[in-house]
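In: curious how this folds, go ahead:
(one chain, ligands or ions: 2)
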Amino acid sequence: MSILLKNGHVIYGEDFEIVKADVLIEENRITKVARNINGGADTVIDATGRVVSPGFVNLHTHSPMGLFRGLADDLPLMEWLEKHIWPREAKLTPEYVKVGAYLGALEMIKTGTTTFLDMYFHMDRVAEAILEAGLRGYLSYGMIDLGDPEKTEKEINEALREMGEIEKLNSERVQFVFGPHAPYTCSIALLKEVRRLASENRKLITIHVSETMAEVGQIAERYGKSPVVLLDDIGFLGSDVIVAHGVWLGGRDIQILARHGVTVAHNPGSNMKLASGVMPLQKLLKAGVNVGLGTDGAASNNNLDMLEEMKLAALLHKVHNLDPTVADAKTVFRMATLNGARALGIKAGMIKEGYLADIAVINFSQPHLRPINNVISHLVYSANGNDVETTIVDGRILMLDREVLTLDEERILDEAERIVEKIR
Ligand SMILES: CSC[C@H]1O[C@@H](n2cnc3c(O)ncnc32)[C@H](O)[C@@H]1O
Ligand SMILES: [Zn+2]
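Out: Residues are numbered from 1 along each chain as shown. Ligands and ions are numbered 1, 2, ... in the order given. From the prediction side, this is the model:
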């Protein structure tokens, strides 16, 4: 299979240089970027007036949580989780979670996300949905034992079961990740066992860390140290660890994360909505920490739109630092693409020969994106997910001219409404 994207404004290479060019995709890779590529591709897409962008990498989400969108807003994290979300999650069946994953997949495809790192439960069912949707999914079963040794064993067994089921699918696109929920919901025994299993099975780990001041206080009370120092002391950290949030990090925490090559997934929308705080982006970048971008779940954001998330990230850090030069458009665009791909160890996140064909084609023939003075600026400050016209993952077209080709959109929207009646 080959696809030729003709005559677009291509965001090329690691420096995101803008070139007017054609992009040839053969099998699942970008094989040529040049002017006037001739020769018969199986599919030719006219990208005139369009921007050919690397697809977005959502580095932290809970994809099925779109089912809870709007059901509990305007609350702090723990009240939101304990009083509203966890009681509803207790009612979710594997089938409901799968429908939630379909809904999340639809939203991601329609907003140009091509890869995401997820944490939820029944991830074997999420994997089925993602395989069908065509996205690249890194899926973690979120483990919570609350210090109960019986639960520790149960959670480890469930994670291993889900890992086995996902591996049976035998897809490069859908990968299992270990996902202990957070240092405040997981015992040291569980965290240590996850570390051992991840190394043994060569899997990534993702975990919520230092999201709120309350969490940092709780961990200090329980262990006498910060969450990051705790994780360092038990040998948990490594370049295969992706920490979600990292809002309340001190100087020592940042040095530890940098030393271990840990990635931090920044979630500005969720952090603002739950009033969790502002992550020290400038300090992390200065220390050389890889920082990606995520939306968190659609119940605390309240969508999965990475274009919108880029704008939130840029504006948040400018106002917080009272400095409009920080979190510039290119830095934020890199967080939403290349940095996320690097964290996951995939050759994606940029348009270049040899890279995975994970691409979003964005319609710039619209008033709010003209004149095309600065493509990256427009993507960060002026565009939103609805401007994405075509989404390609692994060399396969998932959405063409805003029609999702891999999923039945109407049926998924209906099923989501039906399910929410039972869990509301
Ligand atoms: C056990 S699966 C994952 C678990 O995480 C919950 N969750 C969603 N958003 C957040 C957040 O911002 N911080 C901590 N936990 C979060 C989700 O509801 C699931 O229970
Ligand atoms: Zn989260």
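
In: what's the helix or strand for A244?
Out: Using DSSP states H and E, A244 maps to strand 241-245.

In: ok, and what's touching that strand?
Out: 59-60, 117, 119, 204-211, 228, 257, 260, 262-267, 270-271, 276, 279, 292, 294, 296, 343-344 (CB atoms under 8 Å, 6 or more residues apart in numbering). Yep, even glycine has a C-beta here, placed from its N, CA and C like the rest.

In: in terms of contact, does E26 touch L4 like I think?
Out: No. The pair E26 and L4 fails to qualify as a contact (CB atoms under 8 Å) at a distance of 9.7 Å.

In: related to what we said a few turns ago, sitting in strands, which of the contacts of strand 241-245 do you find?
Out: 59-60, 117, 119, 205-209, 263-266, 292 (DSSP state E).

In: near ligand 1, from these?
Out: 119, 208 (CB under 6 Å from any ligand atom).

In: Validate this expectation: L231 resides in a helix.
Out: Yes. According to DSSP: H, G, I helix; E, B strand; the rest coil, L231 belongs to a helix.

In: got the contact list for it?
Out: 183, 191, 207, 209, 237.

In: what about the spatially closest residue to R88 that is not a sequence neighbour, how many neighbours?
Out: Nearest-residue entry for R88: I423, 5.1 Å, with adjacent residues in sequence omitted and distances by CB to CB, 6 or more residues apart in numbering. Applying other CB atoms under 10 Å, we find 17 residues neighbouring I423.

In: okay, the residue lying closest to R252 once chain neighbours are set aside: pLDDT?
Out: The shortest distance from R252 to any non-neighbouring residue, by CB to CB, 6+ apart, is to V229 (6.8 Å). Per-residue confidence at V229 stands at 99 (pLDDT).

In: which bits of the stretch 251-400 of the chain sit near ligand 1?
Out: By CB under 6 Å from any ligand atom, the residues of the stretch 251-400 of the chain that approach ligand 1 are 270, 296-297, 300.

In: bridged to the closest residue to ligand 1 within the stretch 1-150 of the chain, which residues?
Out: As assessed by CB to the nearest ligand atom, ligand 1 sits closest to G142 within the stretch 1-150 of the chain, at 2.3 Å. Under DSSP bridges, the beta-bridge partners of G142 are G179.

In: residues touching it, list them.
Out: 62, 119-121, 179-181.

In: dump those to a markdown table, plus neighbour count and pLDDT.
Out: As requested, these are exported to a markdown table (neighbours: other CB atoms under 10 Å; pLDDT from 0 to 100):
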| residue | neighbour count | pLDDT |
| --- | --- | --- |
| H62 | 28 | 98 |
| M119 | 26 | 99 |
| Y120 | 24 | 98 |
| F121 | 21 | 98 |
| G179 | 30 | 99 |
| P180 | 30 | 99 |
| H181 | 21 | 98 |
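
In: quick check, the residue nearest to R252 in contact with D253.
Out: Yes. Shown here, V229 and D253 form a contact pair, counting by CB under 8 Å, at 6.9 Å.

In: which one's more surrounded, the two?
Out: D253 (25 against 17).

In: tell me the SS of the more buried one?
Out: Under three-state DSSP, D253 comes out as helix.

In: in contact with the closest residue to it other than its chain neighbours, which residues?
Out: The shortest distance from D253 to any non-neighbouring residue, by CB to CB, 6+ apart, is to V228 (3.8 Å). By CB under 8 Å, 6+ apart, V228 lies in contact with 209-210, 237, 243, 249, 252-253, 256-257.
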